[in-house]
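Student: okay, structure incoming, though there's no sequence with it:
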């Protein structure tokens with residue numbers, strides 16, 4: 001009746017990188033040594049090392065395949081943090097009740113599966129790179145003929161693990177051996193966020209790594225799998241997944257604005273605000289009398305209360321505003337498969353809605369004549385360039401377009417899309433045929449990947465990353481190698 005199992009282990013990850021390089025210009029043809037370049041010899045180098053140590057343990061218990069309990073505990077240490085803050089403890093516990101195995105439900109024709117689940121656990125994050133806690137100096141300058149050290153990073157002696165507390169309640173329902181439903185409600189609280197926090201001007205540095213604030217994520221995930229039709233020769237099944245999520249920021253010491261260094265695209269982090277909230281002037285179109293671009297100005301009184309909103313053609317005078325988050329409110333996937341005898345067809349799709357995407361490539365291919373040597377897109381239906389006073393246009397006059405391509409909501413678009421990711425058609429050769437060739441089976445299949453994306457998004461691709469990086473901002477769509485539409489013919493032979 002009782003079943004107990006467990007595990008314990010140690011995991012160690014060690015990564016070391018050493019880079020040494022040199023470059024120069026004006027290398028004579030046929031030579032491959034740098035000491036003969038005409039100018040600009042440059043030697044570069046860097047070292048980096050990171051170590052993660054983990055102690056892992058887990059125990060599982062079940063009683064009569066009705067009641068299940070699992071507990072785990074792990075301790076992780078990372079060299080991304082100072083020695084006295086290096087280790088973090090992360091427990092987890094989960095329980096489940098297989099209700100359909102109870103005697104009062106045995107033999108019923110309605111529920112083929114009924115299971116109630118609950119779990120709580122803590123996980124840690126340390127993926128910020130090594131040496132973020134150290135006070136660093138740059139040795140790339142010279143003084144009085146020798147190497148000079150200049151401060152390049154403020155120390156963060158209290159830096160430690162970011163932790164996420166996850167609470168989940170779930171219900172699995174199977175009906176008539178044809179319908180399977182899974183419903184999960186979750187509450188995730190991420191504490192001690194690893195963020196670069198603005199510093200006072202007197203410090204001499206703009207930012208420093210600190211553990212500040214928290215993110216609260218609440219959501220519901222719904223999955224349904226159905227056998228719609230099932231007969232001797234034909235079967236049709238579908239799988240549908242829906243995920244609705246909200247998030248809020250808490251306990252930040254002040255508003256934090258993160259600006260992408262290349263194109264000055266900003267996102268703001270503030271208490272009770274959304275994660276990855278775009279922060280920029282609001283585009284108000286074109287002045288119909290002058291053809292100049294316009295942005296919104298919010299006028300406030302001495303107490304900071306809004307008293308009016310006006311339009312300006314002076315970009316520097318426009319008001320920065322919160323204009324939408326890069327995180328979708330709803331996302332999910334869909335898969336459907338039809339099988340008739342030995343022939344099978346499947347379609348896989350993915351969708352999301354409720355997010356904003358900054359289409360950065362548009363500032364180059366819709367640049368109002370600011371860069372006349374760049375290729376320009378054909379304006380979509382409904383778009384129009386201003387040509388004369390009184391003209392109702394969406395795009396400014398090329399002769400009066402100062403700052404029109406600067407960062408604003410002009411290039412901020414709804415990121416909704418439905419992508420047909422894969423279509424597959426396969427055929428299994430009859431066993432009577434393949435048995436003559438002394439084979440167990442032969443399947444011929446034709447698949448297409450990245451088939452088509454349905455979207456009103458104006459730009460290259462509405463699908464963007466929501467992972468931050470040194471030069472990557474969540475929700476920014478920039479020039480990239482396009483997703484190839486791929487076709488594959490496959491023959492699978494089994495002996």
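Tutor: Cool, the structure landed. It should be emphasised that the depicted structure is a prediction, and the values quoted were computed from it without experimental measurement.

Student: all contacts plus neighbour counts: C-alpha atoms, from now on.
Tutor: Noted.

Student: who touches the strand or helix carrying residue 418?
Tutor: Using DSSP states H and E, residue 418 sits within strand 417-428. Strand 417-428 is contacted from outside by 342-353, 441-457, 462, using Cα atoms under 8 Å, 6 or more residues apart in numbering.

Student: what's the neighbour count on the nearest residue to residue 473 once chain neighbours are set aside?
Tutor: Take residue 473 and drop its neighbours on the chain: the residue closest to it by Cα to Cα, 6 or more residues apart in numbering is residue 260, 6.4 Å away. Residues lying near residue 260 (other Cα atoms under 10 Å) number 17.

Student: in the chain, what helix or strand scores lowest on average pLDDT?
Tutor: strand 256-260 (a mean of 80; mean pLDDT, DSSP states H and E).

Student: direction included, what does that strand pair against?
Tutor: strand 265-269 (antiparallel) (DSSP bridges).

Student: next secondary structure after the strand it pairs with?
Tutor: Using DSSP H and E, the helix or strand that follows strand 265-269 in sequence is strand 277-281.

Student: elements contacting that next one?
Tutor: strand 265-269, strand 320-325 (3 or more Cα pairs under 8 Å, 6 or more residues apart in numbering; DSSP states H and E).

Student: gap between the last one and the chain center?
Tutor: This points to strand 320-325. Mean-position distance between strand 320-325 and its chain equals 19 Å (Cα atoms, centre = their mean, to the nearest Å).

Student: pLDDT (mean, whole number) over the strand holding residue 418?
Tutor: The average pLDDT within strand 417-428 is 96.

Student: where in the stretch 251-400 of the chain is pLDDT low?
Tutor: Low-confidence segments of the stretch 251-400 of the chain (pLDDT under 70): 261.

Student: residue 185 versus residue 382, what's the distance?
Tutor: According to Cα to Cα, to the nearest Å, residue 382 and residue 185 sit 42 Å apart.

Student: same check, this time on residue 364
Tutor: Residue 364 is 43 Å from residue 185, where distance means Cα to Cα.

Student: repeat that for residue 342.
Tutor: 40 Å.

Student: and what of residue 267?
Tutor: 28 Å.

Student: so those two - more neighbours on which side?
Tutor: Neighbour totals were compared for residue 267 and residue 185, and residue 267 leads with 25 against 18 (other Cα under 10 Å).

Student: that one and residue 257 touch, don't they?
Tutor: Yes - the pair residue 267 / residue 257 is scored as a contact, 5.7 Å apart, by Cα atoms under 8 Å.

Student: drop anything exposed from the contacts of strand 417-428.
Tutor: Using 16 or more other Cα atoms under 10 Å as the burial test, those include 343-353, 441-443, 445, 447-451, 453, 457, 462 as buried.

Student: could you pull out the strands in the stretch 251-400 of the chain for me?
Tutor: Along the stretch 251-400 of the chain, the segments classed as strands by DSSP state E, counting those that start in this stretch run 256-260, 265-269, 277-281, 283-286, 293-300, 306-312, 320-325, 330-340, 343-353, 356-359.

Student: do the same with the stretch 1-150 of the chain
Tutor: For the stretch 1-150 of the chain, the strands defined by DSSP E, counting those that start in this stretch occupy 2-25, 39-63, 67-78, 87-98, 111-125, 136-143, 146-153.

Student: the fifth one versus strand 67-78: what angle between them?
Tutor: Right, the one you point to is strand 111-125. Angle, strand 111-125 to strand 67-78, by axes from the mean of the first three to the mean of the last three Cα atoms, to 10 degrees: 20 degrees.

Student: who does strand 111-125 touch, helix- and strand-wise?
Tutor: Packing partners of strand 111-125 (3+ Cα pairs under 8 Å, 6+ apart): strand 87-98, strand 162-175.

Student: redo those strands as JSON lines? Include mean neighbour count.
Tutor: Output for those, formatted as JSON lines (neighbours: other Cα atoms under 10 Å):
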{"stretch": "strand 87-98", "mean neighbour count": "18"}
{"stretch": "strand 162-175", "mean neighbour count": "18"}
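
Student: take those strands and lay them out in a markdown table including distance to residue 395.
Tutor: Output for these, formatted as a markdown table (distance: least, Cα to Cα, whole Å):
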| stretch | distance to residue 395 |
| --- | --- |
| strand 87-98 | 54 |
| strand 162-175 | 45 |
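
Student: will you turn those into JSON lines that also has mean pLDDT?
Tutor: Output for the helices and strands packed on strand 111-125, formatted as JSON lines (pLDDT from 0 to 100):
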{"stretch": "strand 87-98", "mean pLDDT": "97"}
{"stretch": "strand 162-175", "mean pLDDT": "96"}
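
Student: against residue 484, how distant is the spatially closest residue to residue 301 that is not a sequence neighbour?
Tutor: The shortest distance from residue 301 to any non-neighbouring residue, by Cα to Cα, 6+ apart, is to residue 307 (6.6 Å). When distance is defined by Cα to Cα, residue 307 is 51 Å away from residue 484.

Student: got it, and residue 202?
Tutor: Distance from residue 202 to residue 484, counting by Cα to Cα: 51 Å.

Student: one more: residue 4?
Tutor: Counting by Cα to Cα, the separation of residue 4 from residue 484 is 49 Å.

Student: with residue 373 instead?
Tutor: Using Cα to Cα, we find residue 373 at a distance of 27 Å from residue 484.

Student: now residue 123
Tutor: Distance of residue 123 to residue 484, computed by Cα to Cα: 36 Å.

Student: compare those two (neighbour count), which wins?
Tutor: Higher neighbour count among residue 123 and residue 484: residue 123, with 18 against 9, using other Cα under 10 Å.
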